[in-house]
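Chemist: this is a predicted model, with the sequence first.
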Amino acid sequence: MENNLLLWIILCPLISSVVVRLFGKTLGRKAVHWVASGSVLLSFALAVTSVAQFVGSHHIQVHKVFLWLDTDLFQTWVGFQLDSLSCLMVCIITGVGSLIHIYSTGYMAHEKAFERYFAYLNLFMAMMLTLVLADNALLMFVGWEGVGLCSYLLIGFYYSDHQNADAGKKAFVVNRVGDFAFIIGLLTLFWTMGIQTGVWSFDFQDIKEYSWAIENVHLFGVSAAVFVTLMMFIGATGKSAQIPLYVWLPDAMAGPTPVSALIHAATMVTSGIYLISRLSFLFDMAPATLHVIAWIGGLTALFAATIALVQNDIKKVLAYSTVSQLGYMFLACGVGAYASGMFHVTTHAFFKALLFLAAGSVIHACHHEQDMRKMGQLKSKIPSTYKTYLIGAIAISGVFPFAGFFSKDEILWQVWNHSKALWIIGLVTAGMTAFYMFRSVFLTFWGDRRMDDHHWNQVHESPASMTAVLWILAGLSLIGGWVWWPGFMQLSSFFPHWLESSVVVHHAHGSHAAEISLTLISLGVALSGIALAYQIYVRKLFSTQKLKETLSFVHRCLEHKYYVDEAYEKIWVQGTKKLSQSFSIFDQRIVDGVVNWTSRALKFCVFVMGSFDRFVVDGLVNLSGYITASIGLMVRKIQNGQIQLYLATMLAACGVLTALWVKYYLLQG
Amino acid sequence: MFESHILSWMTFTPLIGAFLLLLVPGKKVQWVKGIAAGFTLLPLLMSAKLFCAFDRAQAGMQFVERAEWIPGFNIQYYMGTDGISVTMLLLTALLSFLCVLASWNIEKKVKGYFFLFLFLETGMMGVFAALDLFLFYIFWEIMLLPMYFLIGIWGGIRREYAAIKFFIYTLVGSVFMLLGILAIYFYGLNPHTFDMVALAKQGGLLGNSLWLGLPFSKVVFLALFFGFAIKVPMFPFHTWLPDAHVEAPTAVSVILAGVLLKMGVYGVFRICYPFFPDAAKWFAPALAVLAVINIIYGGLCAMNQKDIKKLVAYSSVSHMGYCLLGLAAMTFVGLEGSLLQMFTHGTSTAMLFLLVGVIYDRAHTRGVNDFGGLATQMPVYTFIAMIAFFASMGLPGLSGFISEVFVLIGSFNADAFFLSQGGELVFQSKSIFMICTIFAALGVVITAAYLLWTIQRVFLGPLPEKWNQLQDIQPREMVTLIPLAFLAIGLGIYPMPILNLLHASLTQLTQWVTGL
């Protein structure tokens, strides 16, 4: 069904972005706040309307705007579609996006470059919406790279510090590595499908219909389906911060905190899972790829959780937690539970946005202090922030009936049916998650006060525009999971049914008894994680210092994030720089050297020829002249002006001539 | 009268302007500049007319002008344009005008500068409009002289070295090209002809006869290709480019990167491919490999440059590699990408050189490491620079993306086409194009790396104290940049205006070349 609203969902923030960027300074801070937030709210309203139309009509809403690329081989439109999957994403993006825009008006109230901030945030919204609404892979890629651009611009928002600029650059380049794989995957899909079926198209609809044809083609020793999906998954690891391309996300915390909440927690980083869900029919054809995804996801979840255990920067804890939770989502996709993955995307969007914004509120209150070791006892000073942060922590730990419980439980149940080893990894990660989240709660809000009086007295609760948003998100973190209850409870399972029309849904099989016991186990693990954190950081059952010393090697390892950044720096960054240096030297010395040497050789030839000309050819000429001149010089001496000598010479000559005349003429004749 | 001779008018209006300049006393600098601007604006307006009047459905030559010139040798004054050259004519007209504006602050020998500049524009227009090989060659050589003097007189410190290097290098290429043209004339069709359209139509017939014991078509193809490859510039004949760019004044760099480099690719499109399709197929895999070397090698060299201009010059080497790869693929999409890349690279690189010029005028240095934090001091400049950098990076939504993606799509599976055409296995690999494309796509990562690194070193970080007097960009400089920025964004969103121009002619060319 044609629906022209879809374009406007994107255009609202896009136009606002341009207006704010170009005229923001003239409009003033207040107007920019209204325009920027208003446009996203409007976009949210349009999104809800479109979703309502989708529900009402039971038809995918489409909007073909204009013919974008036209070649003899394929045609691609700037076209949008709204199916159940994009409905979900659009609602999350515009909903959470609106909240974060409103929050930002408070958080960035004293920022000088407010117009730049809101323009880029708006642009991000437009790009993210393009990503999820696009009806073809090329247009999706525009959004895919567009969000990367905005992420880059916002990570480096405080660019005058080199570290922040570095972080932005790192994010962009690492993402580009993923994009490189994504493009290769997309091209392979395009060509294999085209050759097999004669359908040359990037449209998702066509891909869905004709991609069966690529299963039997072999490429590089594997089925084309496996190759394509594997490449796309590598693309997803870039955007969604999985091993081996996760390194940019923790550094991305250099951006303003609302940006971390929106881009690096709730929306952009989940686009990898979106991609896999969008193409779930394709991934279903490639069990080998799914296997890889499950293990990469599981290992990333565990790996990042261990690092989060020892971080002292509150945002870094949340960053590694995000990486870990994203790993959870990939784990779900890897076992074929795409819907569960998307479910976790949804709940995670609520509670992780909440946690980041609450952390932002803490940072705002403490005058940009992010180190938890310098906080403590804040719960009385900033009660709203504390309560909402606590709700977020409970939700992410997976405590019933908060949102995180439902999605995490669903994933673990699906994983159990697939692989016990992965289930254990998931479970351990869940325990660690509960532990480090409550560690951050206790360190920040409980315990002793570790802040000096001067700063302590300046700590203040954030303005209403921020706390209101926190409370809304807290509410969502509570109820957000109530759309998919565990099977044994026989309550709503609205969520998977909703997604069924656009995503492959595999229903888990198993007895209720097993499901109940697994649920209890995971709940138990979460609660014991919380309890352990309580014992260590509140009751001080044993000293953390001692623990650090006994496990110094492990601790050092974790604190340095397994030295991955250092290794990447050495191998990739320095390696590339070395390579570029040697290429450059090669270019200068060899390639250009040959040119210069050729010219020198030519010059030498010219010199030799010139010398020959000058010394041999011209030399002969000069020699004859020289001889003439020398004779002249000698003869000149005779001509000295004495008449007598001339006379004598003349007489002598006459004598000689006469003698010769007589001898040769007269006597002969 | 006007419309039927629009190409001649476009070509020779600047020349009229050039001679008019000679009548103006050299001290009247404003007059000189005014005339130069006026006589580059006129071709721009005519190009707008050309753009509107161009028949998108027609594959053959349009706006044809034909007259006997030297009947004894069957040489004609033969001008015309089709989808392959029309975009280049538009680009030339646009960049020439913008460059005159960008040259407003030239102080040394103003009259001579603009005289040569107008002269140069005539040469460039002529190259793209000429349809007679002899005429083509004359225009090709005409360009060389003003370029030599523009670099050699108005250039930087090592200008003489750079100018001579440029001159001799190009001349060497031209010699081979001339030999190739003469070979085509004498051994091509009967009766002897320089008519490019006729020769293209008979392309296959120039075929495989032996000539001095060598296959005629391959030898002549290579001779011509060598001449064009120097212009592109293709590795390993590229080293004149960085030197020329570094020493040339801003506007000349823009012309050099924006128009002159394209002539190399254009020549291959117009002459090498249609004249010798079989040789082209024979050479295609090697060309693909050379193209990828251009992309990766140029990118890595760019990464290590300390001079921004040199960096942009090497990035041109890298980007022109995509043009070559699209050519090598010989598929419609690949060729289309290549042609589009010529246009988009022309706009984005022109922007980059103009931007370097802006900062050089103020700071008198181009060292990447001399700067930092300019975003704070020059926000508007930085904003425009970002557009240029990201366009050059091929960010989706900007023009460079579409051309690069077309090239990648076109070449990714050229193997199938290549083998089905009975291509010879040069590298003992059935998937040479696929591998080349993968490496070419890797170039995207390298491009991002060096451009972002440059952005960071120039615009981000703390502002050194010595630069806190720098003025932000001026209206005149904005005027030169904004049209290009609009093109970069506009064509990224809606490329059809350019693609529509190409379609018909490119379809025909693909048919000629592939014989399908």
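Modeler: The structure has been received and is ready for your questions. It should be emphasised that the depicted structure is a prediction, and the values quoted were computed from it without experimental measurement.

Chemist: in stretch A:432-446, which residues are buried?
Modeler: By neighbour count on 16 or more other C-beta atoms under 10 Å in any protein chain shown, the buried set for stretch A:432-446 is A:432-446. (C-beta placed from N, C-alpha, C; glycine too.)

Chemist: show me where chain A has strands.
Modeler: Counting by DSSP state E, one finds strands in chain A at the ranges A:61-70, A:75-82, A:218-219, A:222-223.

Chemist: how about the residues of the stretch 51-200 of chain A near chain B?
Modeler: Within reach of chain B by C-beta under 8 Å from any C-beta of the partner chain, the stretch 51-200 of chain A has these residues: A:66-74, A:78, A:138, A:141-142, A:144-146, A:149, A:152, A:156, A:159-162, A:165-166, A:169, A:172-173, A:176-177, A:179-180, A:183-184, A:187-188, A:190-191, A:195.

Chemist: re earlier: return the subset of the buried residues of stretch A:432-446 lying in helices.
Modeler: A:432-445 (DSSP state H).

Chemist: out of the strands of chain A, name the one with the poorest average pLDDT.
Modeler: Note on the strands of chain A: lowest mean pLDDT is at strand A:218-219, with a mean of 82.

Chemist: A:His507 - nearest residue in space that isn't next to it in sequence?
Modeler: Closest residue to A:His507 apart from its sequence neighbours, by C-beta to C-beta, 6 or more residues apart in numbering or on different chains: A:Pro496 at 7.6 Å.

Chemist: quick one: contacts for the residue most central in space within chain A?
Modeler: The centroid of chain A falls nearest to A:Asn175 when counting by C-alpha atoms, centre = their mean (3.4 Å). Neighbour list for A:Asn175: A:148, A:151, A:238-239, A:245, A:248 [criterion: C-beta atoms under 8 Å, 6 or more residues apart in numbering or on different chains].

Chemist: and those residues, which is closest to chain B?
Modeler: Lowest distance from chain B to these (C-beta to the nearest C-beta) belongs to A:Gly148, with 8.6 Å.

Chemist: phi and psi next, for A:Val284.
Modeler: Slight slip there: residue A:284 is Asp, not Val. phi -70, psi -20 (degrees, to the nearest 10).

Chemist: how about stretch B:276-289: buried residues?
Modeler: Buried positions in stretch B:276-289, judged by neighbour count with 16+ other C-beta under 10 Å: B:276-285, B:287-289.

Chemist: got it, and stretch A:568-582?
Modeler: A:568, A:576, A:580.

Chemist: per-residue pLDDT, B:Val219?
Modeler: 89.

Chemist: give the burial count for it, as a bare number.
Modeler: When counting by other C-beta atoms under 10 Å in any protein chain shown, one arrives at 19 neighbours for B:Val219.

Chemist: for it, give me phi and psi.
Modeler: Main-chain torsions, B:Val219, degrees, to the nearest 10: phi -60, psi -50.

Chemist: separation between it and chain A?
Modeler: Using C-beta to the nearest C-beta, to the nearest Å, one gets 22 Å for the distance from B:Val219 to chain A.

Chemist: tell me which of the contacts of A:Asn175 fall in helices.
Modeler: A:148, A:151, A:238-239, A:248.

Chemist: now the helices for the stretch 201-350 of chain B?
Modeler: With DSSP state H, counting those that start in this stretch, the ranges of helices along the stretch 201-350 of chain B come out as B:216-231, B:240-247, B:250-255, B:261-267, B:273-275, B:277-303, B:308-329, B:332-363.

Chemist: next, format those as JSON lines and append distance to B:Val24.
Modeler: Listed next are the helices of the stretch 201-350 of chain B as JSON lines, based on distance: least, C-beta to C-beta, whole Å:
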{"stretch": "helix B:216-231", "distance to B:Val24": "33"}
{"stretch": "helix B:240-247", "distance to B:Val24": "28"}
{"stretch": "helix B:250-255", "distance to B:Val24": "20"}
{"stretch": "helix B:261-267", "distance to B:Val24": "31"}
{"stretch": "helix B:273-275", "distance to B:Val24": "44"}
{"stretch": "helix B:277-303", "distance to B:Val24": "42"}
{"stretch": "helix B:308-329", "distance to B:Val24": "32"}
{"stretch": "helix B:332-363", "distance to B:Val24": "25"}
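
Chemist: return the member of the contacts of A:Asn175 nearest to B:Trp512.
Modeler: Taking C-beta to C-beta as the measure, B:Trp512 lies nearest A:Gly148 of the contacts of A:Asn175, at 40.9 Å.

Chemist: give me phi/psi at whichever residue of the stretch 1-150 of chain B sits closest to chain A?
Modeler: The nearest approach of the stretch 1-150 of chain B to chain A comes at B:Arg56, 11.6 Å away (C-beta to the nearest C-beta). Note on B:Arg56: its backbone torsions stand at phi -70, psi -20 [degrees, to the nearest 10].

Chemist: now do the same contact list for it.
Modeler: Per C-beta under 8 Å, 6+ apart, neighbours of B:Arg56: B:83, B:500-501, B:503-504.

Chemist: can you mark which positions in the longest helix along chain A are buried?
Modeler: As assigned by DSSP H, the longest helix anywhere in chain A is helix A:162-197. Using 16+ other C-beta under 10 Å as the test for burial, helix A:162-197 gives A:162, A:164-194, A:196-197.

Chemist: tell me which stretches of the stretch 51-200 of chain B form strands.
Modeler: B:62-70, B:75-81 (DSSP state E, counting those that start in this stretch).

Chemist: ok so, going back, which one among the ones in helices among the buried residues of stretch A:432-446 gets closest to A:Phe488?
Modeler: A:Ala434 (22.7 Å).

Chemist: so what's the closest one closest to, chain neighbours aside?
Modeler: The shortest distance from A:Ala434 to any non-neighbouring residue, by C-beta to C-beta, 6+ apart, is to A:Gly529 (3.0 Å).

Chemist: wait, that neighbour sits on A:Ser397?
Modeler: Yes: contact criterion C-beta atoms under 8 Å: A:Gly529 and A:Ser397 qualify, at 6.7 Å.

Chemist: which neighbours do those two share?
Modeler: Here A:Gly529 and A:Ser397 share the contacting residues A:430, A:433-434, A:438, scored by C-beta under 8 Å, 6+ apart.

Chemist: what about residue 497, how many residues nearby?
Modeler: Unless you meant another one, I'm taking chain A. 14.

Chemist: sorry, I should have been clearer: chain B.
Modeler: Using other C-beta under 10 Å, the number of residues around B:Pro497 comes to 12.
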